[in-house]
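Engineer: below are the sequence and a predicted model for it; my questions follow.
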Amino acid sequence: MADGAAPNCHLRLEWVYGYRGHQCRNNLYYTASKEIVYFVAGVGVVYNTREHKQKFFLGHNDDIISLALHPERTLVATGQVGKEPHICVWDTYNVQTISILKDVHTHGVACLAFDHDGQRLVSIGLDSKNTVCVWDWKKGRVLATAAGHIDRVTAFLHFP
């Protein structure tokens with residue numbers, strides 16, 4: 001534009017191609033409605049295979065590297081990398097944020113897992129201690145933290 005102003009237009013995401021499989025584990029699940037949930041870059045994707053349609057969760061500001069499916073299979077938690085990584089718990093039906101968990105991990109959130117009844121969420125960070133956090137995700141509160149294994153953790157399962 002001649003006056004230097006930004007054009008009056010908006011971009012809209014129509015389709016996400018690809019899949020992040022590099023350095024990630026447990027990152028693709030079927031939801032209760034038989035849709036597939038996964039991530040690519042900073043986008044959470046819910047893919048309806050019957051209708052060949054995608055819905056997008058855009059609550060992250062850096063690449064997503066971890067994902068956990070709630071036991072009821074309608075909610076997911078996603079964790080990202082970056083200087084101020086955070087975890088988003090979101091609904092796969094309407095792709096809306098339910099909870100944001102932050103201010104604990106540095107560098108990124110390597111792994112996520114809900115407990116057996118879905119009341120708590122466990123996260124493991126990418127810091128040098130692979131810090132393990134147990135969250136009351138509904139209240140956005142850390143219940144406990146501890147140093148993890150000295151090697152990089154790529155997967156975690158919670159047992160009651």
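Structural biologist: Okay, I see it. Residues are numbered from 1 along each chain as shown.
Engineer: could you use CA atoms for every contact and neighbour count after this?
Structural biologist: Fine.
Engineer: buried ones in stretch 143-153?
Structural biologist: Buried residues in stretch 143-153, counting neighbours by 16 or more other Cα atoms under 10 Å, are found at residue 148.
Engineer: cool, and stretch 36-50?
Structural biologist: Buried residues in stretch 36-50, counting neighbours by 16+ other Cα under 10 Å, are found at 36-48.
Engineer: please apply the same query to stretch 69-81.
Structural biologist: Residues 69, 70, 71, 73, 74, 75, 76, 77, 78, 79, 80, 81 are the ones in stretch 69-81 that count as buried (16+ other Cα under 10 Å).
Engineer: would you list these in CSV and tack on secondary structure, distance to residue 21 and pLDDT?
Structural biologist: Formatted as CSV, the buried residues of stretch 69-81 follow (DSSP: H, G, I helix; E, B strand; the rest coil; distance: Cα to Cα, whole Å; pLDDT from 0 to 100):
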residue, secondary structure, distance to residue 21, pLDDT
69, strand, 17, 96
70, coil, 21, 97
71, coil, 23, 95
73, coil, 21, 96
74, coil, 22, 97
75, strand, 21, 97
76, strand, 18, 97
77, strand, 17, 97
78, strand, 15, 97
79, strand, 15, 94
80, strand, 14, 95
81, strand, 15, 92
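Engineer: okay, the residues you listed in TSV with distance to residue 115 next?
Structural biologist: As requested, the buried residues of stretch 69-81 are exported to TSV (distance: Cα to Cα, whole Å):
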residue	distance to residue 115
69	10
70	8
71	8
73	13
74	15
75	13
76	13
77	12
78	15
79	16
80	20
81	23
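Engineer: output the buried residues of stretch 36-50 as TSV; include the columns distance to residue 148, secondary structure and pLDDT.
Structural biologist: Shown next, in TSV, are the buried residues of stretch 36-50 (distance: Cα to Cα, whole Å; DSSP: H, G, I helix; E, B strand; the rest coil; pLDDT from 0 to 100):
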residue	distance to residue 148	secondary structure	pLDDT
36	31	strand	97
37	28	strand	97
38	26	strand	96
39	25	strand	94
40	27	strand	93
41	26	coil	91
42	26	coil	93
43	28	strand	96
44	27	strand	97
45	30	strand	97
46	31	strand	98
47	34	strand	97
48	37	strand	97
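Engineer: tell me which of those residues is nearest to residue 10?
Structural biologist: The closest of the buried residues of stretch 36-50 to residue 10 turns out to be residue 43 (Cα to Cα; 17.8 Å).
Engineer: grab the most central residue of the protein for me.
Structural biologist: Central residue of the chain (Cα atoms, centre = their mean): residue 78, 0.8 Å from the mean position.
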